[in-house]
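Asks: output the structure for:
(one chain, ligands or ions: 1)
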Amino acid sequence: MTFWHFFFKNTRKKLLPQEIENIEPKETLLIKNSNDLNNIYITINKEINLYELEELCDSVGWVRRPIKKVKTALDNSFVTVCLLEKQKQRNLLIGFARATSDHSFNATIWDVVIHPNFQSKGLGKALMNELIKELRYKDISTITLFADPQVLNFYRTLGFMSDPDGVKGMFWYPL
Ligand SMILES: CC(C)(COP(=O)(O)OP(=O)(O)OC[C@H]1O[C@@H](n2cnc3c(N)ncnc32)[C@H](O)[C@@H]1OP(=O)(O)O)[C@@H](O)C(=O)NCCC(=O)NCCS
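Replies: Numbers count the residues shown, from 1 in each chain. Next comes the predicted model:
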């Protein structure tokens, strides 16, 4: 698979430490019942049902990963964002993204996904904007990600740029 290394340089005002501390995990109503959607909530939350996440990743055709390793990856993530559709019986996980970080300067975004039934409704953009906002609250200045070639424009519309100043992402894989 080809990846592109994308960078997002944060130029907005820095937040004070007390402002950062005040930001608690929360669940926010993103979309109230509309014609084709039930209530959609966005939440910053590490309490994720791993099997629901696996189903979501299956729905876009991603190769399955060992669930124990996924759990470790989530436990060690800096920020995770979920989109939930509130149904009568349960909440359905319809979107997900997470970021790892050095907790100081840099963060890298992984596993950005919206369920196919909910794509092209602006939810991917909302998910990413929430993640970027949260990283910004935590005073992260450089945000990177690896984009599949078919979604380059999705990330460009969010302000990401490829190869800034000619800097290239490089990979090492075991033979
Ligand atoms: C990529 C993905 C997260 C986008 O989510 P989405 O909810 O469909 O996107 P949105 O409706 O919020 O679109 C936001 C903008 O990006 C554009 N966009 C969305 N998907 C795009 C795509 N595949 N290619 C190019 N542009 C795209 C939209 O046209 C829209 O532009 P606008 O703001 O000018 O109207 C979703 O299609 C997905 O989960 N794909 C499968 C998994 C995947 O490829 N993840 C990324 C791995 S790097």
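Asks: ranges for the helices of this structure?
Replies: In the chain, the helices defined using DSSP state H lie at 17-21, 50-59, 67-75, 123-137, 152-157.
Asks: would you mind finding the most buried of those helices?
Replies: Highest mean neighbour count of the helices of the chain: helix 123-137, a mean of 20 (counted as mean count of other CB atoms under 10 Å). The way it works is simple: take the backbone N, C-alpha and C, and place the C-beta from them, glycine included.
Asks: counting by contacts, list what the strand ranked longest in the chain packs against.
Replies: For the chain, the strand that runs over the most residues, judged by DSSP state E, is strand 91-101. With contacts taken as 3 or more CB pairs under 8 Å, 6 or more residues apart in numbering; DSSP states H and E, strand 91-101 sits against helix 50-59, strand 79-86, strand 106-114, helix 123-137.
Asks: and those: which comes nearest the ligand?
Replies: Closest to the ligand of the helices and strands packed on strand 91-101 is helix 123-137 (CB to the nearest ligand atom; 2.2 Å).
Asks: against which helices or strands is the closest one packed?
Replies: Against helix 123-137 (3+ CB pairs under 8 Å, 6+ apart) you get strand 40-44, strand 79-86, strand 91-101, strand 106-114, helix 152-157.
Asks: how about it as CSV, C-alpha atoms only?
Replies: Only the C-alpha atoms of helix 123-137 are listed here, as CSV (Å, rounded to 0.1, in the frame of the first residue of the first chain):
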residue,chain,number,x,y,z
LEU,A,123,-19.1,13.2,9.4
GLY,A,124,-15.5,12.4,8.5
LYS,A,125,-14.7,16.1,8.5
ALA,A,126,-16.4,16.6,11.8
LEU,A,127,-14.5,13.7,13.3
MET,A,128,-11.1,15.0,12.1
ASN,A,129,-11.9,18.5,13.2
GLU,A,130,-12.7,17.3,16.7
LEU,A,131,-9.5,15.3,16.8
ILE,A,132,-7.4,18.3,15.6
LYS,A,133,-9.2,20.5,18.2
GLU,A,134,-8.4,18.1,21.0
LEU,A,135,-4.8,17.9,20.0
ARG,A,136,-4.7,21.7,19.8
TYR,A,137,-6.1,21.9,23.3
